[in-house]
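Student: next input, structure requested:
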Amino acid sequence: MASAPSSPDRPTDPRPVTHPLQIPAFRAFLAVRLCTILGSSGMSIIIAWQAYNIARLTMPPAQAAAQLGLIGLIQFVVLFLVTPFAGLAADNYKRTRIGMITLSLLLGCAGVLALASYEGWIGLPLIFAIAAALGFARAFQGPALGSLAPNIVPKEMLPRAIAFSSMVWQAGSIVGPAVAGYAYALESYYAYMISAGLFLVSVLGLVLVGEVRQAPPQRGRHPIRQVIDGLSYVRTNRLVFGAITLDLFAVLLAGTTALLPVYARDILHIGSEGLGHLAAAPGIGAGLTALIFSFRPLRHNVGLKMLLSVGVFGIATITFGLTAFMPSGIAMPVALLAMAVWGCADMFSVFVRQSLIQLHTPDEMRGRVSSVSMMTISASNELGDAESGFLAALIGPVAAVILGGAGAILITLYWSRLFPELKRARTFDPPEGLHLAHPPTPPATAGPS
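Tutor: From the prediction side, this is the model:
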């Protein structure tokens, strides 16, 4: 059990630290997570909405959907090229400083989009350029901020800290798209102005996190060799490799977020406000799941439960796709429920995967392993968006969604046989001999900051 250490500048606090929320730096980190996802999720959904509407001025729905796929493809290519070196940066430089730089870049992107929307010169070429910049920022931000929590809280509190971090992230996913949708309905540039303000708050929040202790950089070892070391660690640790690749292929096939604008405009006919509701529904389910885990962390049969959750994820995707054939009176409620279950199952899988990866990876490799995880998440999200958009252009958006959900179920069944280590993972406990290469920063106090 951790306790608050004494220091020359702070009186000794004898109260033990038993919960991550008692640590001021972790509370500041949660604020950064919240503001970041509020800004980025809201900005992303409005970018997709504007791109689809601009494309529909001159293109039929199928070709317009392909433009959404192109946005995802651009971000994936940038992430794929940059992410391995972003993980190296996270292991060799201050992670909070990298976070500040990337958040500043996001702030600049939001400012450009706000100005372009206000003055009326926004178009697809600008949106594609911004998509590339967002991919670059996310490539460096993911490994840096994703590796930060284990440096702030003690190891025994990490699963609960991950649950709180995920809950905050999902809460932002709920509120961000809805707020952006309502703001866009008033004035298109309002949504981007709100995102810019949130990114500025995130930068200031990282200042409050302060300096965190992380493993020292590997001096004298060639950077390319360090990147290869991280990739090799993931490849040889079958539990980590299986968890990462399961998410890669399941979400690659069953990701539906890229087609939400198509459903909102041309299938469910619910407009930009309805799009905000659809985009927020997964966050509601995910947020409730993370809330439960923050008070009652998952402890037993974690691998088997992760596999089951991915199967439910596929079923929810199929259900959402089938709303195209339902009467208008029930289609929207069923779509919202399906997307909420989709988010719940996704959060369950994410919680287990992140906990396994963080607790089965030494600190000196966390940035690089997180970068590999980030690259697969990018492949499943951005490349999944591209796959959904291009497949929708070929066979229609409804068939693309339904076939994607069925594919996720088949992948889950196959992965349970290919990686029996997943089913055998009873708890989050790492194997004997694996420990943090550098201890997390001791909590400064158990009281208010």
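Student: does Gly69 really touch Glu387, like I thought?
Tutor: Yes. Taking CB atoms under 8 Å as the definition, Gly69 is a contact partner of Glu387 at 7.2 Å. For every residue, glycine as well, the C-beta is placed using N, CA and C.
Student: helix or strand: which one has Leu308?
Tutor: Leu308 belongs to helix 302-322 when assigned by DSSP states H and E.
Student: so how far is that helix off the chain centroid?
Tutor: Relative to its chain's centre, helix 302-322 lies at 18 Å (CA atoms, centre = their mean, to the nearest Å).
Student: do stretch 245-262 as well
Tutor: Distance, centroid of stretch 245-262 to centroid of chain: 13 Å (CA atoms, centre = their mean).
Student: sorry, back to before: now do the buried residues in the helix holding Leu308.
Tutor: If you call a residue buried by 16 or more other CB atoms under 10 Å, then helix 302-322 has these buried ones: 302-304, 306-322.
Student: now do the next helix or strand after it, average pLDDT.
Tutor: Toward the C-terminal end, the helix or strand that comes next after helix 302-322 (DSSP H and E) is helix 328-359. Throughout helix 328-359, pLDDT has a mean value of 86.
Student: just the buried residues of helix 328-359, please?
Tutor: Going by 16+ other CB under 10 Å, helix 328-359 has these buried residues: 331-332, 335-359.
Student: put the alpha carbons of stretch 79-90 into PDB.
Tutor: In PDB, the C-alpha atoms belonging to stretch 79-90 read as follows (Å, rounded to 0.1, in the frame of the first residue of the first chain):
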ATOM      1  CA  LEU A  79       0.200   6.900 -38.600                       C
ATOM      2  CA  PHE A  80       1.700   3.800 -40.100                       C
ATOM      3  CA  LEU A  81       4.800   5.600 -41.300                       C
ATOM      4  CA  VAL A  82       5.400   7.700 -38.100                       C
ATOM      5  CA  THR A  83       4.100   5.600 -35.200                       C
ATOM      6  CA  PRO A  84       7.200   3.300 -34.700                       C
ATOM      7  CA  PHE A  85       9.400   6.400 -34.300                       C
ATOM      8  CA  ALA A  86       6.800   8.000 -32.100                       C
ATOM      9  CA  GLY A  87       7.000   5.100 -29.700                       C
ATOM     10  CA  LEU A  88      10.800   5.500 -29.600                       C
ATOM     11  CA  ALA A  89      10.300   9.200 -28.800                       C
ATOM     12  CA  ALA A  90       8.000   8.300 -25.900                       C
END
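Student: buried stuff in that stretch?
Tutor: Quick answer for stretch 79-90 (16+ other CB under 10 Å): Leu79, Phe80, Val82, Thr83, Pro84, Phe85, Ala86, Gly87, Leu88, Ala89, Ala90.
Student: in terms of helices and strands, where is the last one?
Tutor: Secondary structure here is read from DSSP H and E; on that basis Ala90 sits in helix 61-92.
Student: how far does that helix sit from the chain's center?
Tutor: Its chain's C-alpha centre and that of helix 61-92 lie 14 Å apart, by CA atoms, centre = their mean.
Student: that helix packs against which elements?
Tutor: helix 24-56, helix 124-146, helix 223-236, helix 260-262, helix 366-378, helix 384-395 (3 or more CB pairs under 8 Å, 6 or more residues apart in numbering; DSSP states H and E).
Student: would you mind giving the ones you listed as CSV with mean pLDDT added?
Tutor: As requested, these are arranged in CSV below (pLDDT from 0 to 100):
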stretch, mean pLDDT
helix 24-56, 90
helix 124-146, 88
helix 223-236, 69
helix 260-262, 85
helix 366-378, 67
helix 384-395, 78
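Student: quick one: which of these is nearest Phe419?
Tutor: helix 223-236 (12.7 Å; CB to CB).
Student: show me what the next helix or strand after that closest one is packed up against.
Tutor: Next along the chain after helix 223-236, taking DSSP H and E as the criterion, comes helix 238-254. For helix 238-254, the packing partners by 3+ CB pairs under 8 Å, 6+ apart come out as helix 223-236, helix 302-322, helix 328-359, helix 366-378, helix 384-395, helix 397-418, helix 420-424.
Student: for Ala149, find the nearest of these.
Tutor: Ranking those by proximity to Ala149 (CB to CB) places helix 328-359 first, at 7.5 Å.
Student: and the closest one, how far out from the chain middle?
Tutor: With CA atoms, centre = their mean, you get 13 Å for helix 328-359.
Student: and for stretch 100-108?
Tutor: Computed by CA atoms, centre = their mean, the chain-centroid distance of stretch 100-108 equals 17 Å.
Student: run through who's touching it.
Tutor: The contact list for stretch 100-108 (CB atoms under 8 Å, 6 or more residues apart in numbering) reads 36, 39-40, 43, 133-134, 136-138, 140-141, 144, 195-196, 199-200, 202-203, 206-207.
Student: low-confidence ranges in the protein?
Tutor: 1-15, 170, 214-228, 230-231, 255, 363-364, 366-368, 370-371, 373-383, 429-449 (pLDDT under 70).
Student: can you do 50?
Tutor: Counting by pLDDT under 50, the chain contains low-confidence ranges at 1-13, 433-449.
Student: list the contacts of the closest residue to Ala62 other than its chain neighbours.
Tutor: In this structure, Ala62 finds its nearest non-sequential neighbour in Ala393, 4.6 Å apart by CB to CB, 6 or more residues apart in numbering. Applying CB under 8 Å, 6+ apart to Ala393 gives the contacts Ala62, Gln63, Ala65, Ala66, Gly69.
Student: by neighbour count, which of the residues you listed wins?
Tutor: In terms of neighbours by other CB atoms under 10 Å, the contacts of Ala393 top out with Ala65 at 28 neighbours.
Student: wouldn't it be in contact with Val262 here?
Tutor: Yes. Assessed by CB under 8 Å, Ala65 is found in contact with Val262 at 5.3 Å.
Student: find residues that contact each of these two.
Tutor: With CB under 8 Å, 6+ apart, Ala65 and Val262 have common neighbours Tyr52, Ala392, Pro397.
Student: wait, the second one touches Leu259, no?
Tutor: Meaning Ala392. Yes. Between Ala392 and Leu259 there is a contact at 5.9 Å, judged by CB under 8 Å.
Student: which residues are common contacts for those two?
Tutor: In contact with both Ala392 and Leu259: Ala65, Ala400, using CB under 8 Å, 6+ apart.
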